[in-house]
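Chemist: Quick one, what's the 3D model for this:
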Amino acid sequence: MDRRSFLKAGLAVGAVGLAGPRALLRGQTAPAPTTLAHYVDALPIPDVLRPTSGINTVTMTEFYQQLHSDMPKTKLWGYNGTYPGPTIEVRRGAPAQFQWESKLPPTHLLAGAVDHKLHGSNMGEPDVRNVVHLHGIKVLPESDGYAESWFTAGYKQHGPTFQNKVYTYPNDQNATGLWYHDHALGISRLNVYAGLTGFYFIRDSFEDSLNLPSGQFEIPLLIQDRLFNADGSLFYSTDTTGTQQVWVPEFFGDTVLVNGKVWPHLDVEPRKYRFRMLNGSNARMYHMTLIESKLDGTLLTKHGPAFQQIGTDGGLLPAPVTMHDLLIAPAERFDIVIDFSDNAGQNFVLTNDGAAPYPGGGEVVPTEVMQFRVSKKLSSKDTSVVPQTLLPLQMLRPEDAVRERNLELSEADRLTDGYPIIGQLDGLHWSDPVTENPKAGSVEIWNLVNTTGDAHPIHVHLVEFQVLERRTFNQTIWANQHRLVHHDKAQAPARNESPARKDVIIAQPGMVTKIIARFDLPAGTRPAPGQKYRYMWHCHILEHEDNEMMRPFDVIG
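Modeler: This is a model prediction of the structure:
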């Protein structure tokens, strides 16, 4: 039985939980059933934190927060006492120093899901350990949030690569939307699930000059899925019949939260809005469309206004791309403008039909994300624009690459039932010697050879890469000879993937995804000959990276 069939079978023994049907793995018990109404609560907007010139302290704590008005408060972990954490806003060229401090209790919020057989969890490390990664930042390794640089409350214990309490972010890249989240080895999936995540926006004068929707008309949207017990507490799937202690191959929840609120609604004016969209889910990919609805959320047949995508992971696109549907993987960021000018009095639901695992899985999908209500009167004339030209991009040339690497994405399954044992990159473990060692400033091509049946969102720290193509390949020849033989002509990237600055890309199953990157260190860095700067690349399905689908790489001076 393969994983997709296994998930389908799981539905048969599932239960109606707090927010509807859920897929439970074998040996699990279902929470008591209750139903949550959609679009009861307004979308919250996270507070903004603008750093000072000194050291800015952000604290990780445990607290209770109301995630739905009909549900008891939920115990969470978060930054500065909120979930999601505050949206940090900085200016390009203005470095910022942050001290990420833990005041978390010694017992993990999801103690029953801590797996001591996973890498980073089987050598006596404390169950509660944290390190913050600012995803998408170009930064030196000591401020990157390396997975083994974890620390505990009061810094009483720390991992083998821990160097400093204060992180320095140069903020010397184009205006873009980044996000910060926990990245501790072997336990990232639980720490992020508990609530440790937030937005980080770099602003610059070029972005200011474009007259895009701004202020109250620019809104972050952090999309995540969760499961809840009847008492409002978080429920995270575990499986004692699997191949680890309690680890599950992926987590898929039946309830969608946006900015920490279950199925919220947003009241908008008939004008253009800019939405900074982030998929912060552990494993779920969302395929979303905007559909007209009644006020109560009942879907009608008419599609809503188009998405005008103006940016992605690394900032603004060269030109806006009109999209009528969006496929967004974990850790991807989309910068979207929706023009509601002609929709006064109408309502629209952001729907989802993405399969899980993607693209061929059988898990029941939370089919709705949130609702937009064009219910407000126009407060002032909408003078914002979406320029036809945004931020030019100089494409890297494949002929300038000094090396091309074939890097396999693989999965080992249990022979008896196809249950995943481990995911790997190039057949190696996290602790194996480094095999990717690009020279500082050099251009390389990485061919992501996906031999698995699922899509994997691959993230490379430090760099913004460009997507060149996707191609199918002969998997038998690859397995026997480790040689690429393509079946067909190259497939061009999606219109919102190229030309674009990316740091996460979906490696589709049975395909080679070709990316190209220049491995530049932060501006002003002068490496000595042979000096090594260590970073990571990994699958951003958190359950995968916690079980070996993550590798270090060195940039060499």
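Chemist: Helices of this structure, start to end?
Modeler: Listed in chain order, the helices of the chain (DSSP state H) span 3-12, 188-193, 205-209, 475-481, 542-545.
Chemist: pLDDT averaged over the second one, what's the number?
Modeler: Helix 188-193 shows a mean pLDDT of 98.
Chemist: Could you do the last one as well?
Modeler: Along helix 542-545, the predicted local confidence has a mean pLDDT of 98.
Chemist: Leaving out chain neighbours, which residue sits closest to the residue nearest the centre of the chain?
Modeler: Nearest to the mean C-alpha position of the chain, by C-alpha atoms, centre = their mean, lies residue 331 at 1.8 Å. Nearest non-adjacent residue to residue 331, counting by C-beta to C-beta, 6 or more residues apart in numbering: residue 540, 4.1 Å away. Heads up, the C-betas are built off the backbone N, CA and C, glycines and all.
Chemist: which residues does the one you found contact?
Modeler: Going by C-beta atoms under 8 Å, 6 or more residues apart in numbering, residue 540 touches 329, 330, 331, 457, 458, 459, 504.
Chemist: What subset of those residues is buried?
Modeler: 329, 330, 331, 457, 458, 459, 504 (16 or more other C-beta atoms under 10 Å).
Chemist: Now the second one: closest residue in space that isn't a chain neighbour?
Modeler: So that's residue 330. Closest to residue 330 by C-beta to C-beta, 6+ apart is residue 540, at 4.8 Å.
Chemist: Distance of the one you found relative to residue 284?
Modeler: Distance, residue 540 to residue 284, using C-beta to C-beta, to the nearest Å: 12 Å.
Chemist: Mind listing the shared neighbours of these two?
Modeler: Joint contacts of residue 540 and residue 284 (C-beta under 8 Å, 6+ apart) are residue 330.
Chemist: Extract the C-alpha trace of stretch 205-224 and format it as CSV.
Modeler: The C-alpha trace of stretch 205-224 is given here as CSV (Å, rounded to 0.1, in the frame of the first residue of the first chain):
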residue,chain,number,x,y,z
SER,A,205,12.8,53.6,-2.0
PHE,A,206,12.2,51.9,-5.3
GLU,A,207,9.2,50.0,-3.9
ASP,A,208,7.9,53.3,-2.4
SER,A,209,8.0,55.0,-5.8
LEU,A,210,5.7,52.5,-7.4
ASN,A,211,2.6,53.7,-5.6
LEU,A,212,1.3,50.2,-4.9
PRO,A,213,-1.5,49.8,-2.4
SER,A,214,0.0,50.5,1.0
GLY,A,215,-0.8,51.3,4.7
GLN,A,216,-4.2,49.8,5.7
PHE,A,217,-4.5,48.5,2.1
GLU,A,218,-1.5,46.2,2.3
ILE,A,219,-2.3,43.1,4.4
PRO,A,220,-0.1,40.1,5.3
LEU,A,221,-1.8,36.6,5.0
LEU,A,222,-0.1,33.7,6.8
ILE,A,223,-1.9,30.5,5.9
GLN,A,224,-1.6,27.4,8.0
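Chemist: Now for the nearest residue to residue 49 once chain neighbours are set aside: which residues touch it?
Modeler: Nearest residue to residue 49 in three dimensions, chain neighbours excluded: residue 86, at 4.0 Å (C-beta to C-beta, 6+ apart). Residues in contact with residue 86, defined by C-beta under 8 Å, 6+ apart, are 46, 47, 48, 49, 58, 79, 80, 198.
Chemist: what bridges to the third one?
Modeler: For residue 48, the residues forming beta bridges with it (DSSP bridges) are residue 87.
Chemist: try the last one
Modeler: On the basis of DSSP bridges, residue 198 takes part in beta bridges with residue 180.
Chemist: do the fifth one as well
Modeler: Residues in a beta bridge with residue 58, per DSSP bridges, are residue 100.
Chemist: And the strands in the stretch 151-300 of the chain, which stretches?
Modeler: 166-169, 176-182, 197-203, 218-226, 255-258, 261-262, 265-267, 272-279, 286-293, 299-303 (DSSP state E, counting those that start in this stretch).
Chemist: Pipe the ones you listed into JSON lines and attach mean neighbour count, distance to residue 324 and mean pLDDT per row.
Modeler: Output for the strands of the stretch 151-300 of the chain, formatted as JSON lines (neighbours: other C-beta atoms under 10 Å; distance: least, C-beta to C-beta, whole Å; pLDDT from 0 to 100):
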{"stretch": "strand 166-169", "mean neighbour count": "20", "distance to residue 324": "36", "mean pLDDT": "98"}
{"stretch": "strand 176-182", "mean neighbour count": "25", "distance to residue 324": "22", "mean pLDDT": "98"}
{"stretch": "strand 197-203", "mean neighbour count": "23", "distance to residue 324": "26", "mean pLDDT": "98"}
{"stretch": "strand 218-226", "mean neighbour count": "22", "distance to residue 324": "18", "mean pLDDT": "98"}
{"stretch": "strand 255-258", "mean neighbour count": "24", "distance to residue 324": "20", "mean pLDDT": "96"}
{"stretch": "strand 261-262", "mean neighbour count": "24", "distance to residue 324": "26", "mean pLDDT": "98"}
{"stretch": "strand 265-267", "mean neighbour count": "19", "distance to residue 324": "20", "mean pLDDT": "98"}
{"stretch": "strand 272-279", "mean neighbour count": "22", "distance to residue 324": "15", "mean pLDDT": "98"}
{"stretch": "strand 286-293", "mean neighbour count": "20", "distance to residue 324": "7", "mean pLDDT": "98"}
{"stretch": "strand 299-303", "mean neighbour count": "12", "distance to residue 324": "7", "mean pLDDT": "96"}
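Chemist: circling back: now the contacts of residue 540 in CSV, with pLDDT and distance to residue 156?
Modeler: CSV is the format used below for the contacts of residue 540 (pLDDT from 0 to 100; distance: C-beta to C-beta, whole Å):
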residue, pLDDT, distance to residue 156
329, 98, 37
330, 98, 32
331, 98, 30
457, 98, 34
458, 99, 35
459, 98, 30
504, 98, 34
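Chemist: ok, which pair from these is furthest apart?
Modeler: The span of the contacts of residue 540, defined through C-beta to C-beta, is set by 330 and 458 at 10.7 Å.
Chemist: shared neighbours, these two?
Modeler: 504, 540.
Chemist: Count the neighbours of residue 252 for me.
Modeler: Neighbour count of residue 252, defined by other C-beta atoms under 10 Å: 22.
Chemist: Give me the local confidence score for it.
Modeler: We have a pLDDT of 94 for residue 252.
Chemist: measure stretch 160-171 end to end?
Modeler: Stretch 160-171 has an end-to-end distance of 27 Å (criterion: C-alpha to C-alpha, to the nearest Å).
Chemist: Let me fix that, I meant to ask about stretch 74-93.
Modeler: End to end - C-alpha to C-alpha - stretch 74-93 spans 39 Å.
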